[in-house]
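Undergrad: What follows is a predicted structure for the sequence shown.
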Amino acid sequence: MIYEKAILELTKSEIDLCNNLLMNSPDRHIFNDIRLHLRIQDYYEDTVEGNVLFFSSNGNIAAYIIIYHIIGRKPIYFLSPYQKSLITYGGIVCPEGRSQQKIYLKELKKFLRRRAIYIKSIPGIDISIYYELGFKIIEKQTLYINTQKSEDELWNEIQNRIKWNIKKGHQSNIRVNIIIPKVIEDIEPLYEIYSELCARTGLYLHSKSYYFSILDNNNFEHSLIFYAYQGVQVVSAMAVLQYDGIIMSWFGGTFDKYRNTNAGSLIYWEIIKYACSHKLECFDLLGLDIQDIAFFKKGFGGYEVPVYHITYKSLSFKVFNVIIKLLGK
């Protein structure tokens, strides 16, 4: 049985229930955390409606999945997480294992009827049940660095071209500070840098308040910003999310006029060192989709882990869209 409830209408006990399910599930990931989605929903209150689908078994809530709708329209199933950050990430959160998850996925397909859904998997999951149930799957890769190794071991795995960049960063008198963002001013330099990057590359840029709503640590600590300085000037920045032993780079960049300082490479090395010293399991560099950026990331060593873009479009949904195209609407 499935019932649906808007994220903004969840009670504290329902939020706590979701957190307990998440912590006992193999699908643990920051993007499955209801607390983060409350921030997203609060920002998009007038245009997008986030909902939790609860799956019950023997009268008890046993699993959930988060989906979004454009208000008054169909579920969002096509937007890139890097562009809009409105995604169903990780699929169904289910502590009971893959066999039970398969049952819930079957229920989900019936529930969708004339709709469609997009899921971006957490890295390295067993994808077989999605194949069995007729979901369309596209495999991508992300890069993991095992930060349970010693700092010396991690340094030795870095390619020489990146080691040279890091050394150049030190020669350019770059120093890196780490902050825990709690007021919007904390993200000001990050936003300026990212705004310039988006203008230069065509990436989608949200408002400053949106990024702060995600990074704000006042209710639960889950994010950091690594700032690189040359003197008193911030020249580069990277926002990271931290959850359940994993740290992941989210977004950032370097001011164009300071790119020759190699501050960005130094920041990545400082993230690796931070993860190592704080006994975190791994550093997820969050995707290898863009060729030039992938080449840069791979210079830090690590190993590739598959992630999957999973879609399901019901037959009614497909027929409806064909009719709309034929009618030219």
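TA: Cool, the structure landed.
Undergrad: Please count neighbours and contacts with C-alpha atoms only from this point.
TA: Will do.
Undergrad: Check the closest residue to Ile145 other than its chain neighbours and give its pLDDT.
TA: The shortest distance from Ile145 to any non-neighbouring residue, by C-alpha to C-alpha, 6 or more residues apart in numbering, is to Gly302 (4.2 Å). If you check Gly302, the pLDDT there is 95.
Undergrad: Tell me how many other residues surround Gly302.
TA: Gly302 is flanked by 20 other residues according to other C-alpha atoms under 10 Å.
Undergrad: Contacts only, for it.
TA: 143-146, 157 (C-alpha atoms under 8 Å, 6 or more residues apart in numbering).
Undergrad: Quick one: the helices in the stretch 101-250 of the chain, in order.
TA: With helices called from DSSP state H, counting those that start in this stretch, the stretch 101-250 of the chain shows them at 128-132, 151-157, 160-171, 188-201, 208-215.
Undergrad: Make TSV out of these and add mean neighbour count.
TA: Putting these into TSV (neighbours: other C-alpha atoms under 10 Å) gives the following:
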stretch	mean neighbour count
helix 128-132	12
helix 151-157	14
helix 160-171	17
helix 188-201	17
helix 208-215	19
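Undergrad: quick one, which of these is nearest to Ile180?
TA: With C-alpha to C-alpha as the criterion, Ile180 lies closest to helix 208-215 of those, at 8.7 Å.
Undergrad: Please name every helix or strand in contact with the closest one.
TA: helix 34-43 (3 or more C-alpha pairs under 8 Å, 6 or more residues apart in numbering; DSSP states H and E).
Undergrad: Show me the contact partners of the helix it packs on.
TA: Contacts of helix 34-43 (C-alpha under 8 Å, 6+ apart): 7-8, 15, 18-19, 30-31, 48-50, 210, 213-214.
Undergrad: Ser56: which of the helices of the stretch 101-250 of the chain is closest?
TA: Per C-alpha to C-alpha, nearest to Ser56 of the helices of the stretch 101-250 of the chain: helix 128-132, 19.8 Å.
Undergrad: quick one: which of the contacts of Gly302 is most hemmed in?
TA: Top of the contacts of Gly302 by neighbour count (other C-alpha under 10 Å): Tyr144, with 25 neighbours.
Undergrad: so what's that residue up against?
TA: Per C-alpha under 8 Å, 6+ apart, neighbours of Tyr144: 282-285, 302-305.
Undergrad: can you rerun that using 10 Å?
TA: 123, 246-248, 281-287, 297-298, 300-305 (C-alpha atoms under 10 Å, 6 or more residues apart in numbering).
Undergrad: Next, the buried residues of stretch 288-297.
TA: Within stretch 288-297, the residues that qualify as buried by neighbour count (16 or more other C-alpha atoms under 10 Å) are 288, 294, 297.
Undergrad: any idea of the mean pLDDT in that stretch?
TA: 88.
Undergrad: How far does it sit from its chain's centre?
TA: Its chain's C-alpha centre and that of stretch 288-297 lie 17 Å apart, by C-alpha atoms, centre = their mean, to the nearest Å.
Undergrad: got the contact list for that stretch?
TA: For stretch 288-297, using C-alpha under 10 Å, 6+ apart, the contacting residues are 140-144, 161-162, 265, 268, 285-287, 298, 304.
Undergrad: Dump those residues into a markdown table; add distance to Tyr3 as well.
TA: Shown next, in a markdown table, are the contacts of stretch 288-297 (distance: C-alpha to C-alpha, whole Å):
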| residue | distance to Tyr3 |
| --- | --- |
| Lys140 | 32 |
| Gln141 | 33 |
| Thr142 | 33 |
| Leu143 | 36 |
| Tyr144 | 36 |
| Arg161 | 53 |
| Ile162 | 50 |
| Ser265 | 47 |
| Tyr268 | 43 |
| Leu285 | 35 |
| Leu286 | 32 |
| Gly287 | 33 |
| Lys298 | 43 |
| Glu304 | 37 |
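Undergrad: Going by distance to Asn173, which of these wins?
TA: For the contacts of stretch 288-297, the nearest to Asn173 is Ser265 (13.5 Å; C-alpha to C-alpha).
Undergrad: Many thanks, have a good one.
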